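S.K.: Prediction below, plus the sequence it came from.
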There are 2 protein chains.
Amino acid sequence: MRYQLYYWPEIQGRGEFIRLALEETGADYVDVARLPKRGMTAMMRFLESPAVKHPPFAPPFLKAGNALIAQTANILFFLGPRLGLVPKDEASRLWAHQLQLTISDWVAEVHDTHHPIAGSLYYEEQKREAKRRAADFRTARLPKFLDYFEQVLSRNPKGSRYVLGKRISYVDLSLFQMIAGLRYAFPRAMARLEPKYPRLVALHDCAASRPRIVAYLSSKRRRPFNQQDLFRHYQELDG
Amino acid sequence: MRYQLYYWPEIQGRGEFIRLALEETGADYVDVARLPKRGMTAMMRFLESPAVKHPPFAPPFLKAGNALIAQTANILFFLGPRLGLVPKDEASRLWAHQLQLTISDWVAEVHDTHHPIAGSLYYEEQKREAKRRAADFRTARLPKFLDYFEQVLSRNPKGSRYVLGKRISYVDLSLFQMIAGLRYAFPRAMARLEPKYPRLVALHDCAASRPRIVAYLSSKRRRPFNQQDLFRHYQELDG
C-alpha cells in the first residue's frame, strides 16, 4: 500500500504529525502536493471537485486505496494499527486517540497565539490581540497542557518512557513535534518551564534519536520551522 | 449497560452532543454531575485523583463499564455503533468521525467569538477583541462551515435527508445542535444565511421532530441556552 498524503507543501503544519508517523515506520508514501508537476492541482481537486464523495474540510487528508480520510487525528487513528504505532485493542486505540485529540486542541491554541482574530488576516493586523492571547497561553494554557502530558507519562503502568505501553506510538511522535515546535516559537518560555517536565523532555530526546527520525529530520523532506507555519517565533509573544 | 456521563451540570456545552445521542436512542444513562449529592465531587475526582489511569484533560467524559473515555468526538465514536447511530463498517465510522471532528473545530470557533483572548477572563474583558473575531466568524467562517455541511448533505448517495446513509446518525444530531445554538447566538446572521442552506434547515427540523428528541427538549434535562454557555447571545457580536 502506497499512502498518498495531501498537505500544504512548504510548511510542517498539521501534516507533520502524519509525516512523522509515516517516516518512523518507513512506510511507503508520497507527499502529493510536493510533487513538482500538478501536485497542488491534485490536492485542490479533492477540495473542490463535486465528484468527491467524502470531501475534506481542509488538508491534511490521506488517500489509502479507495479511502479518503481527513482530520489529522482521524488519519492517525486509521494509520496507527496499520503502522504498528498503537496497540490494536479498542481500549488502547481510544486512549491514544483521546490524547491525540487533546494535542489537536493544543495545536489550535498555539495557532491562535499569533492569529487570535482571523486566519485570513496578517499577524501584523492582530498583533496587539496576539500579545494578550500569547501571554495567557504562556502563563496558563501551556503549563496546563505540559502538566497534563507529564502526568500521563508518569501514569503509564508500563513505564514513563512512552505515553502508553512499552513501545513508541504516534502520540509520542506528536508530543516530540509539540516540544520541538514550542521550543522554536517560545524559546524563553520553554527554557523556563522545561525543568519541571523531565519525562516530556526525555520523550522528545528519545523520539529525536530514533534512526529513521534522525534521517528524516536531516533530510529535505523535513521543512524548517518558518514564519508561515503553525509554530511561529515572534519575540514579543515570548514574554 | 448504564452509561455515566460527566459534564458541567448547568450548561449544554460540549456535553450536549453526547446527551442528544443518548436521548435519541433511549439509552440508560446518568448525568452524574447533576446528581444532587456528590455529583460534582465524583466528577472532580476523575479530573484530580492520581489513581485515575487514563485521566481526562477536561469534561465531558464517559464511564462505560471499566472504560473511561474523554473528548466529545471520541465518546461519540465509541457510542455510535453501540447506540445504532452510525453504520458499523470502518469506512462509515471514519467518515462520520471526520465530520464530527470538523464540528468540534466549528464549536471551538464559536466559543472563541466571545472568548478570543482567554477562557479565564470575563467576556467584558475581551469585548473589543470579540467584536473583531465575531465579525470574521459571521462573514467568513460561519458561511464556510455551513457551505461544507450543506455540500456533505447534497452528496450523500442515499439522499440528503441525513449526512450519511439512510438513517439518523450522531453527526445529524450534532448538526441539529449547531443550528439551534447558532440561531440563539447569532439570530440576525442566521436569518440572513439560512435561506442558502435548505438541507441543513430541513435536517434541524427533522431531528427536532423525532419523538424522543421532542420529549427531551421539553424536559428539565435540556438546560436552556444561557450566557455562561458555549453559544452566547451578545447583540454586538451579531452584526
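M.R.: That came through fine.

S.K.: Domain map for chain A?
M.R.: Here the domain parsing of chain A from automatic domain parsing is A:3-83, A:90-210.

S.K.: Could you export the ones you listed as CSV, including mean neighbour count and mean pLDDT?
M.R.: In this view, the C-beta of every residue, glycine as well, is placed from N, C-alpha and C. Formatted as CSV, those follow (neighbours: other Cβ atoms under 10 Å in any protein chain shown; pLDDT from 0 to 100):
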stretch, mean neighbour count, mean pLDDT
domain A:3-83, 19, 97
domain A:90-210, 19, 98
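
S.K.: Torsion angles phi and psi at A:Pro224?
M.R.: Per-residue torsions, A:Pro224: phi -70, psi 150 (degrees, to the nearest 10).

S.K.: Look at it and say how many residues are nearby.
M.R.: 8 (other Cβ atoms under 10 Å in any protein chain shown).

S.K.: So which elements touch the longest helix anywhere in chain A?
M.R.: Across chain A, the longest stretch assigned as helix under DSSP state H is helix A:90-114. Helices and strands touching helix A:90-114, as assessed by 3 or more Cβ pairs under 8 Å, 6 or more residues apart in numbering or on different chains; DSSP states H and E, comprise helix A:72-83, helix A:127-136, helix A:142-154, helix A:170-185, strand B:67-70, helix B:72-83, helix B:90-114.

S.K.: Touching the first one from outside, list them.
M.R.: Put plainly, it is helix A:72-83. For helix A:72-83, contacts defined as Cβ atoms under 8 Å, 6 or more residues apart in numbering or on different chains pick out A:1, A:3, A:14-15, A:17-18, A:21-22, A:24-25, A:27, A:60-62, A:64, A:67, A:69, A:85-86, A:88, A:93, A:96-97, A:100-101, A:103-104, A:169-170, A:174, B:94, B:97-98, B:101.

S.K.: element containing the residue nearest the centre of chain A?
M.R.: With distances taken as Cα atoms, centre = their mean, A:Phe17 lies nearest the centre of chain A, 3.6 Å away. Assigned by DSSP states H and E, A:Phe17 belongs to helix A:15-24.

S.K.: Let's have the helices and strands packed on helix A:90-114 in CSV, adding distance to A:Asn226.
M.R.: Compiled in CSV, the helices and strands packed on helix A:90-114 are given as follows (distance: least, Cβ to Cβ, whole Å):
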stretch, distance to A:Asn226
helix A:72-83, 19
helix A:127-136, 17
helix A:142-154, 21
helix A:170-185, 9
strand B:67-70, 34
helix B:72-83, 30
helix B:90-114, 24
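
S.K.: now for the ones you listed, which one comes closest to B:Lys144?
M.R.: The minimum distance between B:Lys144 and the helices and strands packed on helix A:90-114 falls on helix B:90-114, with 9.4 Å, by Cβ to Cβ.

S.K.: Roughly how far does A:Ala58 sit from chain B?
M.R.: Remark: distance between A:Ala58 and chain B (Cβ to the nearest Cβ, to the nearest Å) = 8 Å.

S.K.: mind listing what that residue touches?
M.R.: Per Cβ under 8 Å, 6+ apart, neighbours of A:Ala58: A:47, A:70.

S.K.: Endpoints of stretch A:61-69, how far apart?
M.R.: 5 Å (Cα to Cα, to the nearest Å).

S.K.: How about residues contacting that stretch?
M.R.: A:1, A:3-6, A:18, A:32, A:46, A:52-54, A:56, A:70, A:75, A:78-79, B:91, B:94, B:98.

S.K.: cool, and stretch A:159-178?
M.R.: Residues contacting stretch A:159-178 (Cβ under 8 Å, 6+ apart): A:12, A:16-17, A:20-21, A:24, A:76, A:79-80, A:83, A:85-87, A:92, A:95-96, A:99-100, A:103, A:106-107, A:149, A:152-154, A:156, A:158, A:199-200, A:202-204, A:206-208, A:210, A:213.

S.K.: now swap in stretch A:210-226 and tell me
M.R.: Stretch A:210-226 has contacts (Cβ under 8 Å, 6+ apart) with A:10-12, A:19-20, A:23-26, A:31, A:168, A:173, A:176, A:181, A:184-185, A:207-208, A:231-233.

S.K.: can you tell me the distance between the two ends of that stretch?
M.R.: Start-to-end, stretch A:210-226 (Cα to Cα) is 24 Å.

S.K.: What residues of that stretch count as buried?
M.R.: A:210, A:213, A:216-217, A:222-223, A:225 (16 or more other Cβ atoms under 10 Å in any protein chain shown).

S.K.: so how far is chain B from A:Arg155?
M.R.: 6 Å.

S.K.: With A:Tyr170 instead?
M.R.: In terms of Cβ to the nearest Cβ, A:Tyr170 sits 15 Å off from chain B.

S.K.: Let me know whether stretch A:186-205 sits next to chain B.
M.R.: No: counting by Cβ under 8 Å from any Cβ of the partner chain, chain B has no neighbours in stretch A:186-205; the shortest distance is 14.7 Å.

S.K.: just how off-centre is that stretch within its chain?
M.R.: Put simply, stretch A:186-205 sits 17 Å off its chain's centre (Cα atoms, centre = their mean, to the nearest Å).

S.K.: same thing with stretch A:110-118?
M.R.: That offset, for stretch A:110-118, works out to 16 Å (Cα atoms, centre = their mean).

S.K.: swap in stretch A:198-214?
M.R.: For stretch A:198-214, the distance to the chain centre is 15 Å (Cα atoms, centre = their mean).

S.K.: Over to stretch A:17-24?
M.R.: 9 Å.
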